[in-house]
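Student: here's my sequence, what's the structure:
(2 chains)
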Amino acid sequence: MEKSKTFHRKKIVAAFFVCVLLFAGLTARVTYLMIFRSEHYSQLAQDLHQRERKIKAMRGRILDSTGAVLADNRTVCTISVIHNQITDPDRVVSVLSKELGLSEETVRKRVEKVSSIEKIKSNVSKEIGDAIRACQLDGVKVDEDYKRYYPYGSLASKILGFTGADNQGILALESSYEEYLKGKEGTILETTDARGVQIEEMGEERVEPQSGDDLTLSLDMNIQQYATQLAEQVKKAKEAQSVSILVMRPDNGEILAMVDVPEYDLNDPFTLPEPVAEEEKQDALNRMWRNACINDTYEPGSAFKIITASAALEEGVVTEEDTFSCPGYIMVDDRRIRCAKVQGHGTETFVQGTMNSCNPVFITVGLRLGVERYYHYFEQFGLLEKTGVDLPGEAGTIMHKKENMGNVELATVSFGQSFQITPIQLAATVCSLINGGKRITPHLGVKTTNSDGEVTHTFSYPVREGVISEDTSRRLKSILFEVVENGGGKNGKVEGYRIGGKTATSETLPRGTGKYISSFLGFAPAEDPKVLALCIIRQPTGVYYGGMIAAPVVRQLFENILPYLEKKEYTDSVQP
Amino acid sequence: MAGTRGRKKSEYYFDYSLLFIILFLVGFGLVMIYSASAYDASEQMGNEMYYLIHQGGAAALGLVAMLVVSRIPYHFWEHFTVIGYVVSVILILLVLSPLGIEANGARRWLNLGVSVQPAEIAKLAMILFLANIICKMGRKVRSWKAFGFIMAPVLVVCLLVWRVTDNLSSAIIIFGIAFLMLFVASPDYKRFVLITTAVGAVAALAVYVLSKSQITADTGFRSARIMAWLDPEAYASGKGFQTLQALYAIGSGGLFGKGLGGSMQKLGYLPEQQNDMIFSIICEELGLFGAIAVIVIFVLLIWRFMVIANNAPDLFGALLVVGVMGHIAIQVILNIAVVTNTIPNTGISLPFISYGGSSVLFLLIEMGLVMSVARGIRLKDV
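Tutor: Here you go, the predicted structure:
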């Protein structure tokens, strides 16, 4: 018995040590989980326990160059009820229905609904929100929120764009500068139990939102307002389909105004001027929001003779004194192409040909250049690429392929037909031809500033030098000055200023419908242009010649803005 | 040997360390049950003390039973071992009758005025039955034949517990208790090492095969559990859910824990938080230090069992203590292993701490048995 007892004891001790060994293993396992995996599981557990609530960031404002606020934020309130916190449902119903202008039944239905949180109304003005808050009703939550607000309504609607339900930029500048404007959302992290009930004593973690940066534009609200007025006047007077006015600085590409009437109300961007069927609504809205200066192409017509002239002068295939003879038409291969003046201009110099906007002169000059060289300049002037304007949706140039271009195509391109470019492309190209040969990038965005007023970002835009020589640029400007001073653009003349410019009238496609696009491109002062304006009137009724209807618009614009710009430049230069 | 009775009390041994450890575990268990269940109890039962009161009642009853049993000489039970075995088999079968209670998808309980798990009774009955039968066999127990002869009734109960009450974990524990008692009773090592190795190899092979497959609609309940064990995060919303929630609790405890009552996981995230998963709440609230302290207490308890078994006046007493030691050790090891995802998930409660009236009651009766054996030790023998 004694002997057997010894092995029993040995075995019991062995069993004990096996247990101890297993316990040691488990201790190691627990230690591993609680030390080395602690961070991993703590994080997962925290993600599980915490509920994230977003705090919207205040969107940056959009300012014009004078500091006027074009896009602002307004505080609005969202009123909700938390069912299980309501102590006096009848009072809640009566106060909310009274303040919010809702029927008692509607409010009562939501108040009595068993849910964690029930929204009663959003986009409530701050005054009403404050009034409800002042009633100190248990279970009623008033959350403040920001809503985009455009103080000038429809002014510059096509370039500002608007924001969506989540305050995100949807169109135009609001969309293209989204990353600067939107700011950073803040968060409230609440700890909850498995049913989602917040555990009050755990408190909440708050990450404050960061407001978006303000965006300053080169746009001048005064010029924009005046240009809009002019565009609306001429649209009404000529019963035109639409009128675009583009004002920019040739030396740096800054856009001072961009009008495309009819504009739309930025504070109510989803309401059409006249109601349409539901399935057509989106198309109609897209049409209403469309910015013809950028999103649409057109045949530039005679204004494009500026480009042909520049190429020809640069290449030396023509001089100002070269004489031409216009019988009212010109034969290109087997094709007879008419001049605007059917009886012909007779004998004229190149300068006179430009003043007369004579098609045969420019066809001759174009043919002298030939397809190869013409196409080379077309490309060098930047016409094949987009301008790179800081607005979304810029349309590209629609042009013949070089290998498909014969003499007939070349002839039509020479006076601005059979291809399409955007208005902004024409303006930007002419800018680079009259500023001494710098291809500038048209733009609106200048800088962003944070809420403390510090500049956070200054935008710079590519400039390509040597598009044409200084000499050609100078000669071109003097020819275009003659056009306004004594030629077809004389309606663009402004007392006391030297204006350069070119008129254009083109029939819309398909031809023969009697619909025209009339335009005038002017700049001043002619020798050292500080401002360039392009006015395009689409489908005017009655007189449709660009020199007759578009040039006066630019003249009126210049009459007002040239003194204004001079004064502004003067005050800017004397200020430190 | 039965003549130890009647001598002066002071000569006899009373294991105060054991008593202290038991009281501590029961008290600590009640605190943790209250902490882990208060939220759930107030949500489900409308009384945050619900689980505490029930467990407290069972524990009080158990402590009285323990003291009574500790006063009864353990040889008294020798006469009832076979009856105990038969009764426990009948009780298991009764689960199939209308007396059976189903909870959490398994029919494991009997309604005998209070709900009782027959498996808990079977564990105690098995310890007494085996201790008796092994003693009766004497030296014959060393043969393979006797080994098989003893294992046969054990396996019958195991099979019943597994198949009838759908409680694999209790079946494993009963098998483990029997295995340990036979191991101690026989001088042979080879046989036991062989069986352990074989069981281990089969388990490893099964796991290997399953690890190569995916859970599909026709994957069995246990296979799915094993696959969820291998990668709980891949089955986070299904079979791996409970395990993963336990790991969240354990991992977020860190070194010193969130403090008693500070658990987040008990707020409805972790199922069975006052039950099989209570150890993870201990980890979350008391940290690594609390967890190791609990493990150390259990090691101390088993150490006391070893000391008592080694000094038991006879083989019957020693085997009783070994059986109880096996019961507690296996259950604690399996519970912590499950909670820490060291082995696949299976429902095993943590002795003395997990919520469960019949569990704590029968555990305390077992403690009473051990104390009774301890009383038989003459001080001069120690």
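Student: when you work out contacts or count neighbours from here on, use the C-alpha atoms and nothing else.
Tutor: Will do.
Student: can you tell me the SS state at A:Y152?
Tutor: Secondary structure state of A:Y152, per DSSP: H, G, I helix; E, B strand; the rest coil, is coil.
Student: identify the residues contacting the closest residue to it other than its chain neighbours.
Tutor: Distances taken as Cα to Cα, 6 or more residues apart in numbering or on different chains put A:L70 closest to A:Y152, at 6.6 Å, once the chain neighbours are dropped. Contact partners of A:L70, counting by Cα atoms under 8 Å, 6 or more residues apart in numbering or on different chains, are A:R61, A:I62, A:L63, A:D64, A:Y150, A:P151, A:Y152.
Student: thought B:G287 was touching B:G253, still the case?
Tutor: Yes - with contact defined as Cα atoms under 8 Å, B:G253 counts as touching B:G287 (4.7 Å).
Student: what's the helix or strand for the residue lying closest to B:I127 once chain neighbours are set aside?
Tutor: What sits nearest to B:I127 in space, not counting adjacent residues and going by Cα to Cα, 6+ apart, is B:G323, at 5.3 Å. Using DSSP states H and E, B:G323 maps to helix B:315-339.
Student: quick one: low-confidence ranges for the stretch 1-150 of chain B?
Tutor: The model of the stretch 1-150 of chain B has pLDDT under 70 over residues B:1-12, B:104.
Student: ok and the residue in it nearest chain A?
Tutor: Nearest residue of the stretch 1-150 of chain B to chain A (Cα to the nearest Cα) works out as B:R139 at 9.2 Å.
Student: related to what we said a few turns ago, I'd like to know which of the contacts of A:L70 are buried.
Tutor: For the contacts of A:L70, a neighbour count by 16 or more other Cα atoms under 10 Å in any protein chain shown gives the buried set as A:R61, A:I62, A:L63, A:D64, A:Y150, A:Y152.
Student: contacts only, for the fourth one.
Tutor: Under the criterion of Cα under 8 Å, 6+ apart, the contact list for A:D64 reads A:L70, A:T216, A:L217, A:S218, A:L219, A:D220, A:M221.
Student: distance from the strand ranked longest in chain A to the middle of the chain?
Tutor: With secondary structure taken from DSSP state E, chain A has its longest strand at strand A:69-81. Counting by Cα atoms, centre = their mean, to the nearest Å, strand A:69-81 is centred 23 Å from the centre of its parent chain.
Student: quick one: A:S242 and A:D260 touch, right?
Tutor: Yes - if you go by Cα under 8 Å, A:S242 and A:D260 touch, sitting 7.0 Å apart.
Student: who has more neighbours, these two?
Tutor: Taking neighbours as other Cα atoms under 10 Å in any protein chain shown, A:S242 and A:D260 compare with A:D260 leading, 29 against 22.
Student: about what we covered before: find residues that contact each of A:S242 and A:D260.
Tutor: Common neighbours of A:S242 and A:D260 (Cα under 8 Å, 6+ apart) do not exist.
Student: what about dumping the CA coordinates of the longest strand of chain A to PDB?
Tutor: Listed next in PDB are the C-alpha coordinates belonging to strand A:69-81 (Å, rounded to 0.1, in the frame of the first residue of the first chain):
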ATOM      1  CA  VAL A  69     -19.200  89.000 -51.000                       C
ATOM      2  CA  LEU A  70     -20.700  87.100 -53.900                       C
ATOM      3  CA  ALA A  71     -21.400  83.800 -52.100                       C
ATOM      4  CA  ASP A  72     -22.000  83.700 -48.400                       C
ATOM      5  CA  ASN A  73     -23.300  81.400 -45.700                       C
ATOM      6  CA  ARG A  74     -26.500  81.800 -43.700                       C
ATOM      7  CA  THR A  75     -27.200  80.000 -40.400                       C
ATOM      8  CA  VAL A  76     -30.300  77.800 -40.700                       C
ATOM      9  CA  CYS A  77     -31.700  75.500 -38.200                       C
ATOM     10  CA  THR A  78     -33.000  71.900 -38.200                       C
ATOM     11  CA  ILE A  79     -35.700  71.100 -35.700                       C
ATOM     12  CA  SER A  80     -36.000  67.500 -34.500                       C
ATOM     13  CA  VAL A  81     -37.600  65.800 -31.600                       C
END
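Student: mind listing what's buried along that strand?
Tutor: Quick answer for strand A:69-81 (16+ other Cα under 10 Å): A:V69, A:L70, A:A71, A:D72, A:N73, A:T75, A:V76, A:C77, A:T78, A:I79, A:S80, A:V81.
Student: for the last one, list the residues it contacts.
Tutor: By Cα under 8 Å, 6+ apart, A:V81 lies in contact with A:R110, A:V111, A:I117, A:E118, A:K119, A:I120, A:G139, A:V140, A:K141.
Student: over to the fifth one?
Tutor: A:N73 makes contact with A:M58, A:R59, A:R61, A:Y146, A:K147, A:R148, A:Y149 under the criterion Cα under 8 Å, 6+ apart.
Student: dump those residues to CSV, plus pLDDT, distance to chain B and secondary structure.
Tutor: Below are the contacts of A:N73 laid out as CSV (pLDDT from 0 to 100; distance: Cα to the nearest Cα, whole Å; DSSP: H, G, I helix; E, B strand; the rest coil):
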residue, pLDDT, distance to chain B, secondary structure
A:M58, 81, 35, coil
A:R59, 85, 37, coil
A:R61, 88, 43, coil
A:Y146, 78, 35, strand
A:K147, 81, 38, strand
A:R148, 84, 41, strand
A:Y149, 85, 44, strand
